[in-house]
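Asks: Okay, predicted coordinates and the sequence, questions at the end:
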Amino acid sequence: MSTVVTNLPETGSQSAVVALPAPDRRLHRLATVRRQEGISRRTVARRLNTTISDVKRQEDEAGDLSLSTLYKWQEALEVPVSELLVDSDEPLSSPVRNRAKLLRIMKTAVTILERTRQTPIRRMAQTLVDQLVELMPELEGVGPWPAVGKSRLPSDYGQVVHRRMPDEFFMDCGESD
């Protein structure tokens, strides 16, 4: 730890500022758990009501986060706080790993239920959804997997639609005199 002494111009007195050492170890596993849960940064940013760049910054393993931020991540990722703080390279604990697997199965069952028109398959998918909710009640209300190639609404585009492109971008560079 180092101490920096500065002179205060208003009073001429000196003030000592103690600089804390940079952590030389990982403090959290936000990025690792997010990836293991199969959740994108964009989804986390939406759940935290923040930007993707803030999510990326907070995922820095050596970054010191407030407890309130850590609890927001816990809610966004739907995992115990202890899983976010584990300072090891071990995989998620067995219950959390199993929960993630059940969540993926539920998303698949809901996707089948919403996209099929065949009555027998719909009944089978509904039975599977009901059984999964019975096993893990917090799965109630889980949505389907996103559709690949699905058309986006204007509200889905985010801030990119509000950015203005420079006029030079649209100039025809291939013109010759």
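Replies: Alright, I've got the coordinates. Numbering: from 1, shown residues only.
Asks: Tell me which residues touch residue 78, please.
Replies: Under the criterion of Cβ atoms under 8 Å, 6 or more residues apart in numbering, the contact list for residue 78 reads 37, 138. For glycine as for every other residue, the C-beta is placed from the backbone atoms N, C-alpha and C.
Asks: any idea how far residue 72 is from it?
Replies: Here the criterion is Cβ to Cβ, to the nearest Å. By it, residue 78 lies 12 Å from residue 72.
Asks: which one is residue 142 nearest to, not counting chain neighbours?
Replies: Computed as Cβ to Cβ, 6 or more residues apart in numbering, the closest residue to residue 142 that is not its neighbour in sequence is residue 106, at 4.8 Å.
Asks: er, residue 85 actually
Replies: In space, residue 85 comes closest to residue 28 once its chain neighbours are excluded; the distance is 5.9 Å by Cβ to Cβ, 6+ apart.
Asks: I'd like to know how many residues surround the one you found.
Replies: Burial of residue 28, expressed as a neighbour count using other Cβ atoms under 10 Å, amounts to 24.
Asks: So it sits against residue 61, correct?
Replies: Yes: assessed by Cβ atoms under 8 Å, residue 28 is found in contact with residue 61 at 6.3 Å.
Asks: Surely residue 143 is within a helix?
Replies: No: the secondary structure assignment for residue 143 gives coil rather than a helix, going by DSSP: H, G, I helix; E, B strand; the rest coil.
Asks: Assess the claim that it and residue 113 are in contact.
Replies: No: the pair residue 143 and residue 113 fails to qualify as a contact (Cβ under 8 Å) at a distance of 11.0 Å.
Asks: how is this structure carved up into domains?
Replies: Taking automatic domain parsing as the domain assignment, the ranges for the chain are 25-91, 93-145.
Asks: Let's have these in JSON lines, adding mean pLDDT.
Replies: Formatted as JSON lines, the domains of the chain follow (pLDDT from 0 to 100):
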{"stretch": "domain 25-91", "mean pLDDT": "85"}
{"stretch": "domain 93-145", "mean pLDDT": "89"}
